[in-house]
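A.B. asks: Predicted coordinates and the sequence they were generated for:
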Amino acid sequence: MKVAVRYFTKTGHTKLLADAVAEAAGVKAETVDVPLTEDVDILFLGSAVYAANLDEAVKSFIDSISVSVGKIVPFSSAAILKGTYKQVKACAEAKGLKVSDEEFFCKGAFGVIAKGRPNQKDAEDIKAFAKRIIG
Ligand SMILES: Cc1cc2nc3c(=O)[nH]c(=O)nc-3n(C[C@H](O)[C@H](O)[C@H](O)COP(=O)(O)O)c2cc1C
């Protein structure tokens with residue numbers, strides 16, 4: 001099973017989650033600036049909500065995928081909204097890429113909202129999620 005982890009972060013939360021996924025998968029988490037160069041069975045793709053949107057860097061990364069991807073498994077955080085799953089799914093499906101029905105979402109602090117998140121428990125939860133997906 002070939003697994004890759006890519007993420008975009010502005011304030012470090014998605015890196016924390018991506019590193020936990022990478023640890024579970026035994027691979028290195030890279031930012032979306034690092035293109036996929038080999039076919040993968042599972043691509044864990046981490047992002048967050050900014051001004052109610054998915055960052056353009058994540059959209060461009062999805063658009064740039066030229067290898068075969070079995071499925072994308074999105075993970076995200078946000079302070080108020082419920083994450084980026086729908087937006088990632090729309091971008092990926094527009095490219096003909098399969099997106100898992102399962103996602104990981106947790107709160108991500110923004111100012112006084114959701115302070116301290118993602119926390120250690122979120123990191124453990126996403127690690128368990130990744131292990132279950134990888135099987
Ligand atoms: C510039 C900015 C805009 C944000 N806008 C929203 C928003 O519209 N809705 C929301 O629920 N969270 C919003 N957030 C909160 C982020 O989604 C949350 O902090 C997330 O965990 C950030 O992940 P990152 O540290 O990987 O960038 C915003 C955060 C930043 C920094």
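C.D. replies: Good, I have the coordinates. This structure is a prediction, so every number in the text was calculated from the model and none was measured.

A.B. asks: Helices of the chain, start to end?
C.D. replies: 13-25, 56-64, 85-94, 120-134 (DSSP state H).

A.B. asks: Could you say which one of those helices comes nearest to the ligand?
C.D. replies: helix 13-25 (3.2 Å; Cβ to the nearest ligand atom). C-betas here are computed from N, CA, C, even on glycine.

A.B. asks: tell me which strands and helices that closest one is in contact with?
C.D. replies: strand 3-7, strand 29-31, strand 40-50, strand 69-78, helix 120-134 (3 or more Cβ pairs under 8 Å, 6 or more residues apart in numbering; DSSP states H and E).

A.B. asks: Apart from its chain neighbours, what residue comes closest to the residue of the chain found nearest the ligand?
C.D. replies: Distances between the chain and the ligand by Cβ to the nearest ligand atom are smallest at G108, namely 1.8 Å. For G108, ignoring the flanking residues on the chain, the nearest one in space by Cβ to Cβ, 6 or more residues apart in numbering is S77 at 3.0 Å.

A.B. asks: How much space separates the one you found from G116?
C.D. replies: For S77, the distance to G116 (Cβ to Cβ, to the nearest Å) stands at 12 Å.

A.B. asks: Of the two, which one has the most company?
C.D. replies: S77 (29 against 9; other Cβ atoms under 10 Å).

A.B. asks: Quick one: residues contacting the nearest residue to Y85 once chain neighbours are set aside.
C.D. replies: Nearest non-adjacent residue to Y85, counting by Cβ to Cβ, 6+ apart: E103, 4.4 Å away. For E103, the contacting residues are 73-76, 83, 85, by Cβ atoms under 8 Å, 6 or more residues apart in numbering.
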